[in-house]
Every structure is written in structure tokens, then in C-alpha cells.
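Student: when you get a sec, could you give me coordinates for this:
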Amino acid sequence: MLRILRIENLVLIREADLELGPGLNAITGETGAGKTILAQAVGLLLGARGDASFIGPGAGEAYVEAELDLPDGLLDEDGFESLAELRPEGEEGLVLARRVFPDGRTRAYAWGRATAREDLAAVGERLIAMSGQFEQRRLARASYQLDLVDAFCGEEQLRRRREARSAWRELLAARRRHDELRAGAALAEARLAELRALVEDTAGLEPDAEDRLRGERDRLRHVTELAEGAAAAAEALAPEEGAGAAGLVAVAERSVAPLERLAPELARAGDELREIELRLRDTASELHRFLAALEAEPGRLEQVESELERIADLQRRFRCSSYAELLERAGEARAELDRLDSGFDPLDAAERALAEADARVSALSAGLRDARHAAAARFADAVAAELHGIGMGEGEFHVELSDREHGATGTDEVAFLIRPNAGLPFAPVAETASGGELSRIALALAAVAGGETLVFDEIDAGIGGETANAVGRTLQRLGARAQVVTITHLPQIAALAERHFRVEKIPGDPTHTRIEALDDEDRRAELERMLGGAEFLSTVR
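Tutor: Numbers count the residues shown, from 1 in each chain. Prediction:
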């Protein structure tokens, strides 16, 4: 659903926030008041080209923004990857915008982030169906016509569509894998040699080896500083000649010991001195052992440097960016070699996977085709009945199914054909119908197959009387399961709307257009105006 349409400085509209709701939304106003500007605003969100003339008097730029509901899974479909990357975390809706600059350039946005106009148009057209040139463009696409037939088939068909799209992706991946293996069959031996070399050359490497070796290298590079510091500390604690810290503590302890009997409160001091002496002598021993270890490995630094260089060389040879990736690749190589040793053949497995994927796609395509052929005639009859009800009774409608190559939606291609008048040949809808007729055909299609948000700007072109009542009833019925926004001159249609907006031109310097939602009293006044005004109605009565 289109929740909010925000417009700033677009032609005569300085600022407008339309809070649209579900069901039928009507937009009315005098001829020339600026209702067409609303259609321009929606057109910009559907990718229409901008122009400097779109910018209102005295403004620096024009801006249009829409807040829409975002159907689950839409951005996961093919073609929407770049938009999916822009989606803020936790964002459930979709915010599309378009800005027009004084030189005629435009910029498109999704969630306030710049995006390509084509991407904005693609997602916009999936969520908003608009009459006029946009409807002609949609109806000219066989894929859109196929979508409508499948929607008419029901939820089971839409489930098959989702499964078929997933199966098609799996088939393409299986084909790539198979082609790569078949093309590389001549290089299989070289690959095996590389796998074996990777496993052999990394044998014995432990997960923490590189970090441990780097730490040891840093220590060994500072061995002189370590030796000097440790020797000085050991000498201070327990020198070979003279009294060090441990000896001085021992002297203190021997001085206190005889006094403990005479002054028991000195016992604690004596115990602490004895403990400190032992700890100092243990520390001195540790320092001497550390010094002995340094002296026992004079060539250890060279060994460590050599081992680190070997690891770096392995990373270069096997194109790994880190030690962790090297070990991961080695583990994968061991697993692949184990499978090969047990009789696993990658090419044979790829051929089986390809055959299974192809069979799954074929089965799903057959299911899609059966449902479409079963529904095509019923769909055509239902559309024809709707067309008859809204004043296109002479128009015959036909759904033509033909074959095409396998794809994500199966092997069927759909064409909607119409014969406006008896005796004329059937012709594609998008090439035959006029603007007003296209709007009514779009209404009939939506009434049969459902749809997203539908915006009608020419639905009342050339109709009146009972036909206008029929169109209004159809719009109202459609509004029960889809959002409908209609720009209309007809009170028969506006009277059935659940929300009513009035577009009004306000004289001034400069003149501007105001759009406001109507309460019950204002709505009665607007409908009275649309019917000809109080004087005309009095005359009729």
C-alpha cells in the first residue's frame, strides 16, 4: 500500500502530504486546479523523466517522496540486489524519492540513499500500477501479463512460481559447475597435484603456530636486552659475591628470630621475612634458568625466521590471504582427496546434480503450464465480463499461450488480445486500446486478478451516466482487496470513495495549488459542485 505521498515545489504544489489509506481514494477538483500534477508526481516515482519546468515558481528544486509497504521477499528477487543493499537494518517499509534540479537533472533515492533511476522504476512498477503511458508499458510486457494469469490461478500457482524461480537458480548454478568441471577435465591432474602439495606442505602446522612463532621471534630479536635485564635482576637478588636482596632479607630475619620469644608480636614479621627470602631466592633461580635457556639456543632465531618464511611462502603459492585461510584450504583439500580416494568423481557428481536440477525445473514448469492452460479461458471470460460491465461490452478478450525457452517462470509466454469491435481482428491490448480504454482494461484486469496499489488518471475519460456508475462500483469492489487511487471528474466515482481529497487552485503571487483531505461536510459540498452546483441541482429538482 502507498501510505504517504509527499510533494514539494512540484509545478504549482508548494507542499502536500497525502495520507492515503486502503480501499478507494478519490482526488477531485476543478479543471485546471492541478490534479494532473499528482499524476506527474507518481510518474516520477515510476521512473518518468524529469524536466526543469517541473520546479515550482521561486523554488530551487522539486521533490517527491512515497512511503510504501514492502512485500516480504520482494527484494530477494532477481534484479533488486542493489536496492536490497541500501535497505537499512530493521526497516520494514520502502521509501522512494525523486529530486528534480533546475538544470533538468534528477536524482533517485531509496530510504534516503542515492540509487539508479532504473532501480527505482523497477521496484516502483512492482508496487504501483498507474494508468496512461505506464499502463501501456506494463501491458506491453509479456512477463506482466503472465504475472496476472498466475495471480488469477491462485496461491498454489504463486507457490509454484517461487519454487520454480529457486529451482531455476539452482539449475543455472549446476550448469556452471558442470561446465567448469568439464572444461577443466584436462587440468584435473594438475589440480590433484596442487591438492596433494597443499596437504603435504601444510602437514604439522597447528592453528596457533604463526602467532606463537611471531611472538618467539620478537623475543629472540631482543635477546641481548632480555639477557642483560634478567642477569641484572638475578645479580640484585642473589649475587655470587656479597649480599643481595635475598641475603639482606635473611640478615633481617636472623635479627628478628631470637626476639620472637621475648616479643611474640614480632612473630608475624619473622614469618614474612622468611617467606620473602624464599620467594626472592625462587625468583632468582627462575631468572638463572631463563638465562641458561637463552644461552642454550643460539641458532633459534634463524629457525623461527625460516619457519615464518615457509608459512608466508605457502600463503603466496596457494593464493591465501591469511594463515587461517591456508589451514582452511588445506582442510578442504584433505576432504576432497579423501572423497576422491573413496571413488568420488566431481564431474560425475556434477552431471547427476545437473540432471536432478533440470528434472525439477521441468516438473515445476509442467505444473505451471497445466495451471495456466486450465485457467486461461476462465480468466479471459472473467475479464470480458468486467469489460462489459464498465462500458466496453463489444470488446472481446482472449488469452493466447505460446511456448518459449525455459526460464525462471517456466516455458510459457502470454499475450492479451482484444477485439474492440465485431469484425475486426484480435490485436495486442497495448497496441489497440486508447488511453481511456487502457485504464478501463487495467481496471478489469485488476478486478479479476487483484493487484498492488492502482492509480487511475484517465478512468473516466469519455464515460458518464450508468457506465460511470458501473466503473465506480468496480473501483469500489476492487478497493476491498487492493488500494485504489483515482483522479476523477465524476461524482458517481468520488461518492463511493473511502477517502476524498480536493485539489484547489489558490490565486496569489504566485498562484499555487492546495490539496486537502475532506471531512463529511466538505465532501458533500465538493460532490454538490461536481454535480453542477446548488443552482443546477435546484433546477433539476
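
Student: what's the spacing between Arg310 and Phe80?
Tutor: 47 Å (Cβ to Cβ, to the nearest Å). C-beta coordinates here come from the backbone N, C-alpha and C atoms, glycine included.

Student: next, the residue nearest the centre of the chain: phi, psi?
Tutor: Against the mean C-alpha coordinate of the chain, by Cα atoms, centre = their mean, the closest residue is Ala84 at 1.8 Å. Main-chain dihedrals, Ala84, degrees, to the nearest 10: phi -60, psi -30.

Student: per-residue pLDDT, Asp345?
Tutor: The model reports Asp345 with a pLDDT of 68.

Student: which residues are contacting stretch 159-172?
Tutor: Contact partners of stretch 159-172, identified using Cβ atoms under 8 Å, 6 or more residues apart in numbering, comprise 73, 77-78, 150, 354, 357-358, 360-361, 364-365, 367-368, 371, 406-410.

Student: which among the residues you listed count as buried?
Tutor: Neighbour-count burial (16 or more other Cβ atoms under 10 Å) is assigned, among those, to 150, 354, 357-358, 360-361, 364-365, 367-368, 371, 408-410.

Student: as a markdown table, the residues you listed with secondary structure, distance to Glu275 and pLDDT would be great.
Tutor: As requested, the buried ones among the contacts of stretch 159-172 are arranged in a markdown table below (DSSP: H, G, I helix; E, B strand; the rest coil; distance: Cβ to Cβ, whole Å; pLDDT from 0 to 100):
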| residue | secondary structure | distance to Glu275 | pLDDT |
| --- | --- | --- | --- |
| Asp150 | helix | 86 | 90 |
| Leu354 | helix | 77 | 89 |
| Ala357 | helix | 76 | 91 |
| Asp358 | helix | 81 | 91 |
| Arg360 | helix | 78 | 92 |
| Val361 | helix | 81 | 91 |
| Leu364 | helix | 81 | 92 |
| Ser365 | helix | 86 | 92 |
| Gly367 | helix | 85 | 93 |
| Leu368 | helix | 86 | 92 |
| Ala371 | helix | 89 | 94 |
| Ala408 | coil | 80 | 87 |
| Thr409 | coil | 84 | 89 |
| Gly410 | strand | 86 | 90 |
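
Student: could the residues you listed go into JSON lines alongside distance to Ile493?
Tutor: Output for the buried ones among the contacts of stretch 159-172, formatted as JSON lines (distance: Cβ to Cβ, whole Å):
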{"residue": "Asp150", "distance to Ile493": "30"}
{"residue": "Leu354", "distance to Ile493": "55"}
{"residue": "Ala357", "distance to Ile493": "51"}
{"residue": "Asp358", "distance to Ile493": "51"}
{"residue": "Arg360", "distance to Ile493": "48"}
{"residue": "Val361", "distance to Ile493": "46"}
{"residue": "Leu364", "distance to Ile493": "42"}
{"residue": "Ser365", "distance to Ile493": "42"}
{"residue": "Gly367", "distance to Ile493": "40"}
{"residue": "Leu368", "distance to Ile493": "37"}
{"residue": "Ala371", "distance to Ile493": "35"}
{"residue": "Ala408", "distance to Ile493": "39"}
{"residue": "Thr409", "distance to Ile493": "35"}
{"residue": "Gly410", "distance to Ile493": "38"}
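
Student: and those, which is closest to Pro507?
Tutor: Nearest to Pro507 among the buried ones among the contacts of stretch 159-172: Asp150, at 51.2 Å, using Cβ to Cβ.

Student: and the strands in the stretch 251-400 of the chain?
Tutor: Ranges of strands in the stretch 251-400 of the chain, per DSSP state E, counting those that start in this stretch, are 396-407.

Student: going along the chain, name the helices of it.
Tutor: With helices called from DSSP state H, counting those that start in this stretch, the stretch 251-400 of the chain shows them at 267-296, 300-317, 323-341, 346-389.

Student: who touches the third one?
Tutor: Residues external to helix 323-341 that are found in contact with it (Cβ under 8 Å, 6+ apart): 192, 195-196, 198-199, 202, 205, 207, 209-210, 311, 314-315, 318, 320.

Student: mind redoing it with 6 Å?
Tutor: Leu195, Leu198, Val199, Thr202, Glu210, Leu314, Gln315, Cys320 (Cβ atoms under 6 Å, 6 or more residues apart in numbering).

Student: what angle separates that helix from helix 300-317?
Tutor: 60 degrees (axes from the mean of the first three to the mean of the last three Cα atoms, to 10 degrees).

Student: same check on the last one?
Tutor: What separates the directions of helix 346-389 and helix 300-317 is an angle of 50 degrees, with the same axes, to 10 degrees.

Student: helix 346-389 packs against which elements?
Tutor: Applying 3 or more Cβ pairs under 6 Å, 6 or more residues apart in numbering; DSSP states H and E, we find helix 346-389 packed against helix 142-153, helix 155-183, strand 396-407, strand 410-419, helix 435-449.

Student: of the ones you listed, which is nearest Val455?
Tutor: Comparing the helices and strands packed on helix 346-389 by Cβ to Cβ, helix 435-449 comes nearest, at 9.9 Å.

Student: buried by neighbour count: which residues of that closest one qualify?
Tutor: Buried-residue list, helix 435-449, by 16+ other Cβ under 10 Å: 436-449.

Student: ok so Gly60 is a strand residue?
Tutor: No: counting by DSSP: H, G, I helix; E, B strand; the rest coil, Gly60 is located in no strand; its state is coil.

Student: what about it, neighbour count?
Tutor: 9 (other Cβ atoms under 10 Å).

Student: please report phi then psi for it.
Tutor: phi -90, psi -20.

Student: give the closest residue to it in space, chain neighbours not counted.
Tutor: Once flanking residues are discounted, Gly60 sits nearest to Pro102: 6.7 Å by Cβ to Cβ, 6 or more residues apart in numbering.

Student: now Ser439
Tutor: Closest to Ser439 by Cβ to Cβ, 6+ apart is Ser131, at 3.9 Å.

Student: same deal with Leu417?
Tutor: Phe426 (4.0 Å).

Student: wait, that neighbour touches Ala415, no?
Tutor: No: between Phe426 and Ala415 there is no contact under Cβ atoms under 6 Å: 9.5 Å.

Student: the residue nearest to Leu417: what's it in contact with?
Tutor: Contacts of Phe426 by Cβ under 6 Å, 6+ apart are His398, Leu417, Arg419.

Student: what about the second one, how many residues nearby?
Tutor: Other residues near Leu417 number 17, with proximity taken as other Cβ under 10 Å.

Student: surely it and Val399 touch.
Tutor: No: here Leu417 does not reach Val399: they are 7.7 Å apart, not a contact under Cβ under 6 Å.
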